[in-house]
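A.B. asks: dropping the sequence and predicted coords here.
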Amino acid sequence: MSETTTPLYTREGTNETSNDERERTEPEAESENEQTETHVCPECGGTLQSDSERGETVCSECGLVVEEDEIDPGPEWRAFDAKEKDQKSRVGAPTTNMMHDKGLSTNIGWQDKDAYGNSLSSRQREKMQRLRTWNERFRTRDSKERNLKQALGEIDRMASALGLPENVRETASVIYRRALDEDLLPGRSIEGVSTASLYAAARQAGVPRSLDEFTRVSRVERMELTRTYRYIVRELNLEIKPADPGSYVPRFASDLDLPEEVTNRARELLSGARENGILSGKSPVGLAAAAIYAAALLCNERVTQSDISNVANISEVTIRNRYKELLEADTDDEQP
């Protein structure tokens, strides 16, 4: 019995197989080349490393920064065990104190359109309007939540008008929540307590605004604002440092389009006055305005007392009295 050997691959099959293999290997080779290029320094050929703290990809050999401002897809919190990771994991936007429900509820959009962008029928629009009404009622179940909703909206409105950052709004929301929990609102208006909370938060964050600026954007009088502010600070034991006149200088100088030289000179004048004990018992806004006027005179910059008075919202008499004191203190410091 003769043995016959059958070739495993014919010439055509071999060619087809090699073509298939070539088709499979070419993309793999390209991906390997791409991976090699992305993990090798283009300058020296060294190994690239990712710096998660700075968001950069740098070469470990020559220090070349290949990529910067990388997006961190990880969470903003840290977890040291599995239990803590499960507790901190979440879906959706983070909670915030600037909303009465801390951002945990849902809203029904005001656009009367479906998921494909088509307009709803009249019957569907009526149904969605009823759902919005009931959704709004469910979001504020009691008088406390309605109070909180109105106050936080007022804080957000005033903070936007005054140009205060988000951290100040968050702090003001926490202060108002504490005042509401400790039952400090009876006998006082919601607008007064919310304005006092925002004023205290701005003082704590080091970005103060004057009482006149708060009075312009608030719905309460200055006397009520000051009285409520002192009451809130006393009852909640808030630690608020006296306002630093130097914190007003950059904002006033920017509104007057003055150069950086004037800002630095005004800070030097205030520093010298603080060492001589002139700042105590005087309005920080008036001192800041007077320091800018005195610094502009020393730097040969043309600015009138009327311009500074309009920006700082104080009288020209205050500027004249204070800037003379600042110049005298500066002269005493220069004398041996």
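C.D. replies: Looks like it arrived, so ask away.
A.B. asks: where does the stretch 201-336 of the chain have low pLDDT?
C.D. replies: 332-336 (pLDDT under 70).
A.B. asks: ok, which stretches of it are helices?
C.D. replies: Applying DSSP state H, counting those that start in this stretch to the stretch 201-336 of the chain gives helices spanning 211-217, 222-236, 249-255, 260-275, 284-298, 305-312, 316-334.
A.B. asks: buried ones in the longest one?
C.D. replies: By neighbour count with 16 or more other C-beta atoms under 10 Å, helix 316-334 contains the buried residues 318-319, 322-323, 325-327, 329-330. No exception for glycine: its C-beta is placed from N, CA and C like everyone else's.
A.B. asks: same for it, what does it pack against?
C.D. replies: In terms of contacts (3 or more C-beta pairs under 8 Å, 6 or more residues apart in numbering; DSSP states H and E), helix 316-334 is packed against helix 260-275, helix 284-298, helix 305-312.
A.B. asks: relative to helix 284-298, how tilted is the shortest one?
C.D. replies: Angle between the axes of helix 305-312 and helix 284-298 is 140 degrees (criterion: axes from the mean of the first three to the mean of the last three C-alpha atoms, to 10 degrees).
A.B. asks: check which helices and strands helix 305-312 sits against.
C.D. replies: By 3+ C-beta pairs under 8 Å, 6+ apart, helix 305-312 packs against helix 249-255, helix 284-298, helix 316-334.
A.B. asks: let me have those helices in CSV, extended by distance to residue 177.
C.D. replies: Listed next are the helices and strands packed on helix 305-312 as CSV, based on distance: least, C-beta to C-beta, whole Å:
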stretch, distance to residue 177
helix 249-255, 29
helix 284-298, 28
helix 316-334, 37
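A.B. asks: out of these, nearest to residue 214?
C.D. replies: Ranking the helices and strands packed on helix 305-312 by proximity to residue 214 (C-beta to C-beta) places helix 284-298 first, at 12.0 Å.
A.B. asks: circling back to that earlier point, looking at the helices of the stretch 201-336 of the chain, which is buried most?
C.D. replies: Compared across these, helix 284-298 shows the largest average neighbour count, a mean of 25 (mean count of other C-beta atoms under 10 Å).
A.B. asks: what's the distance between the closest residue to residue 265 other than its chain neighbours and residue 259?
C.D. replies: Leaving aside its sequence neighbours, residue 265 sits nearest to residue 295 (C-beta to C-beta, 6 or more residues apart in numbering; 3.8 Å). Separation of residue 295 from residue 259 (C-beta to C-beta, to the nearest Å): 10 Å.
A.B. asks: about what we covered before: quick check: which of the helices and strands packed on helix 305-312 is nearest to residue 225?
C.D. replies: Distance to residue 225, taken as C-beta to C-beta, is lowest for helix 284-298 among these, at 15.2 Å.
A.B. asks: could you check the angle that closest one makes with helix 260-275?
C.D. replies: 120 degrees.
A.B. asks: neighbours around residue 299, how many?
C.D. replies: Neighbourhood size, residue 299 [other C-beta atoms under 10 Å]: 16.
A.B. asks: same question, the one 5 residues further on
C.D. replies: Neighbourhood size, residue 304 [other C-beta under 10 Å]: 13.
A.B. asks: use 22 as the first number from now on
C.D. replies: Sure, I'll start counting at 22 from here, so that last one is residue 325.
A.B. asks: tell me the phi and psi of it?
C.D. replies: For residue 325, the backbone dihedrals (degrees, to the nearest 10) come out as phi -100, psi 160.
A.B. asks: can you classify residue 70 by secondary structure?
C.D. replies: With DSSP: H, G, I helix; E, B strand; the rest coil as the basis, residue 70 sits in strand.
A.B. asks: neighbours of residue 215, how many?
C.D. replies: By other C-beta under 10 Å, the residues close to residue 215 number 29.
A.B. asks: before we move on, which element is it in?
C.D. replies: Using DSSP states H and E, residue 215 maps to helix 211-226.
A.B. asks: from what I can see residue 336 touches residue 326, true?
C.D. replies: No - under the criterion of C-beta atoms under 8 Å, residue 336 makes no contact with residue 326, lying 9.4 Å away.
A.B. asks: distance-wise, check residue 256 relative to residue 345.
C.D. replies: Residue 256 is 40 Å from residue 345, where distance means C-beta to C-beta.
A.B. asks: again with residue 169
C.D. replies: Separation of residue 169 from residue 345 (C-beta to C-beta): 49 Å.
A.B. asks: same check on residue 319?
C.D. replies: From residue 319 across to residue 345, the span is 13 Å (C-beta to C-beta).
A.B. asks: also residue 222?
C.D. replies: As judged by C-beta to C-beta, residue 222 and residue 345 stand 35 Å apart.
A.B. asks: please apply the same query to residue 106.
C.D. replies: Per C-beta to C-beta, residue 106 is found 63 Å from residue 345.
A.B. asks: and residue 191, by the same measure?
C.D. replies: For residue 191, the distance to residue 345 equals 41 Å [C-beta to C-beta].
A.B. asks: likewise residue 201?
C.D. replies: Noted for residue 201: a distance of 47 Å to residue 345, by C-beta to C-beta.
A.B. asks: residue 79 contacts residue 72, correct?
C.D. replies: Yes - Residue 79 lies in contact with residue 72 (C-beta under 8 Å); the separation is 5.9 Å.
A.B. asks: so between these two, which is more surrounded?
C.D. replies: Set residue 79 next to residue 72 and count neighbours by other C-beta under 10 Å: residue 79 wins out with 19 against 12.
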